[in-house]
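Visitor: fold the following and give me the result.
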Amino acid sequence: MSLLALSLFPWLLASLGTPAAFTGFLVPIREAGVLLPQLLVAAYIRRLALRKWVWVGGAGLSAIALLTIAMVGISFDGAIAGGAIVGALILFSLARGLCSVSAKDVLGKTVSKSRRGRLMGLASGGAGLVTLAIGLYVEFFADGIEGSSAAVGLIVLAALIWLPAMGLFSIIREAPGATSDGGNAIHEAVHSLSILKTDPIFRSYVIARIWLLSVAVAAPFYVLLAQSRMHSEMAGLGMLIIAGAVAGSVSAPIWGWMGDRSSRLVIVYGATIAGLLGIVTWFMAESPALAHGFSHAGIFLVLNIAHSGVRLGRKIYLVDLGSEHNRAAMVAVGNTVIGVAMLLVGLVGIFADLVGTAELILLLGVLSLVAAVYAWSMPEVSDLAKDSVRA
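Guide: Numbers count the residues shown, from 1 in each chain. Alright, predicted model coming up:
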């Protein structure tokens, strides 16, 4: 769904005639808004014996934020619409942060290690199928619909999808877990940061995740390359969404199955694929073949397979690494550090303006290979991988 958001919100802003400055806020808010507040949020979540209700509340806020964006889309335009949408996006990002911290904790409490990867893979695959349906709609049925109306309709649909998700999550049988002894949230947050010092494996995981940002931030620049090579702003948009959805729905269950055996190797494989793709794309940047939408769809397919592996691998690794006593803190500390790093990595766009989009893709590809090498050095935390080594 992140691929869809990267395309859909800029599409809506452009359709409403908002200044381009508002578009520049979308990715930093969408990512850092999710990650940065989690260290404080986790201090409160740890006081709760049942944490599924935090996810349900975050899902409800997400639906409200999306419906607000849709209402703005049909009621305002220009700078007023841009400011209101950015404000609602902040709420949406904070709500996703609640879901992020609580979901991993509930997963760790309710699903055994050897089954988490398959479950997360199936969930990602299902999300990919929904995105595929949206991509097909955009590619074959949305051409005749006015831009803002099509975007508003898709955003309303996204908001409604949260409602059955809330119902399903609320009936999960979650056993009461360990709770912290209260205390000031800021004090608890600062105390949680000590995990980086006392747990070397977790520290290595956070460093690896910083390197892996080279995979996470690459997608918009591949889209930018596609637009420049096809000489049309909207050419192939639906095709790119379809490629990303197919990649997620097909590869995520496979990555999840592999992650149950070694989440570390899943990270390595995903980062390696992303790195090699960046180098190959740079070599092909001036090729006539990249004037066709199918070429970019194929590139985007491979990129999203790689990103799916990296994303699932790091999630499984963290869930397996933590326990019910420290998992929420690990998630929050890791995400807070990555939120800060994300704001800094966002400056890579300046590099693209200076030397070109293809050259930035090459740089991100090289950094992805560095991430793969670093992830290879991390210890195993998956039970099946440990058993295999002992055997």
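
Visitor: make it CA atoms for all contacts and neighbour counts henceforth
Guide: Noted.

Visitor: in the stretch 151-300 of the chain, which spans are helices?
Guide: 185-192, 195-198, 200-211, 213-216, 219-230, 237-284, 293-321 (DSSP state H, counting those that start in this stretch).

Visitor: show me what the second one is packed against.
Guide: Here helix 195-198 touches helix 200-211, going by 3 or more Cα pairs under 8 Å, 6 or more residues apart in numbering; DSSP states H and E.

Visitor: ok, residue 162 to residue 168 distance?
Guide: Noted for residue 162: a distance of 10 Å to residue 168, by Cα to Cα, to the nearest Å.

Visitor: between the two, which one's more packed in?
Guide: residue 162 (19 against 10; other Cα atoms under 10 Å).

Visitor: that one contacts residue 58, correct?
Guide: No: Residue 162 is beyond contact range of residue 58, at 9.8 Å (criterion: Cα atoms under 8 Å).

Visitor: can you list the residues that contact stretch 119-130?
Guide: With contact meaning Cα atoms under 8 Å, 6 or more residues apart in numbering, stretch 119-130 is reached by 1, 244-257, 312.

Visitor: just give me the least confident of those.
Guide: Lowest pLDDT within the contacts of stretch 119-130 is found at residue 1 (50).

Visitor: so, low pLDDT: which residues of the stretch 151-300 of the chain?
Guide: By pLDDT under 70, the low-scoring segments of the stretch 151-300 of the chain are 175, 177-191, 227, 230-237.

Visitor: switch to 90 and redo it
Guide: Filtered on pLDDT under 90, the stretch 151-300 of the chain yields the residue ranges 151-159, 161-162, 165, 168-199, 216-257, 259-261, 284-297, 300.

Visitor: neighbours around residue 87, how many?
Guide: Residue 87 has 15 neighbours, counted by other Cα under 10 Å.

Visitor: could you measure from it over to residue 75?
Guide: 15 Å.

Visitor: now render the helices of the stretch 151-300 of the chain as a markdown table, adding distance to residue 376 and mean neighbour count.
Guide: Listed next are the helices of the stretch 151-300 of the chain as a markdown table, based on distance: least, Cα to Cα, whole Å; neighbours: other Cα atoms under 10 Å:
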| stretch | distance to residue 376 | mean neighbour count |
| --- | --- | --- |
| helix 185-192 | 27 | 16 |
| helix 195-198 | 20 | 14 |
| helix 200-211 | 10 | 19 |
| helix 213-216 | 16 | 24 |
| helix 219-230 | 24 | 19 |
| helix 237-284 | 6 | 25 |
| helix 293-321 | 12 | 23 |
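
Visitor: any idea which of those helices gets closest to residue 105?
Guide: Among the helices of the stretch 151-300 of the chain, the nearest to residue 105 by Cα to Cα is helix 293-321 (7.8 Å).

Visitor: just how off-centre is the closest one within its chain?
Guide: 10 Å (Cα atoms, centre = their mean, to the nearest Å).

Visitor: now the angle from it to helix 219-230?
Guide: Between helix 293-321 and helix 219-230, the angle comes out at 180 degrees (axes from the mean of the first three to the mean of the last three Cα atoms, to 10 degrees).

Visitor: need the next SSE after helix 293-321, C-terminal direction.
Guide: Next helix or strand after helix 293-321 toward the C-terminus (DSSP states H and E): helix 327-345.

Visitor: tell me what that next one is packed against?
Guide: Checking 3+ Cα pairs under 8 Å, 6+ apart, helix 327-345 ends up next to helix 26-35, helix 38-45, helix 78-110, helix 185-192, helix 200-211, helix 293-321.

Visitor: what's stretch 209-221 in contact with?
Guide: By Cα under 8 Å, 6+ apart, the residues outside stretch 209-221 that reach it are 3, 6, 271, 274-275, 300, 303, 307, 310, 314, 338, 341-342, 345-346, 357, 360-361, 364-365, 367-368, 370-371.

Visitor: which other residues reach stretch 88-104?
Guide: Counting by Cα under 8 Å, 6+ apart, 26, 29-35, 37-38, 41-42, 45, 51-52, 54-59, 61-62, 65-66, 68-69, 319, 327-328, 331-332 sit against stretch 88-104.

Visitor: this completes my enquiry, with thanks.
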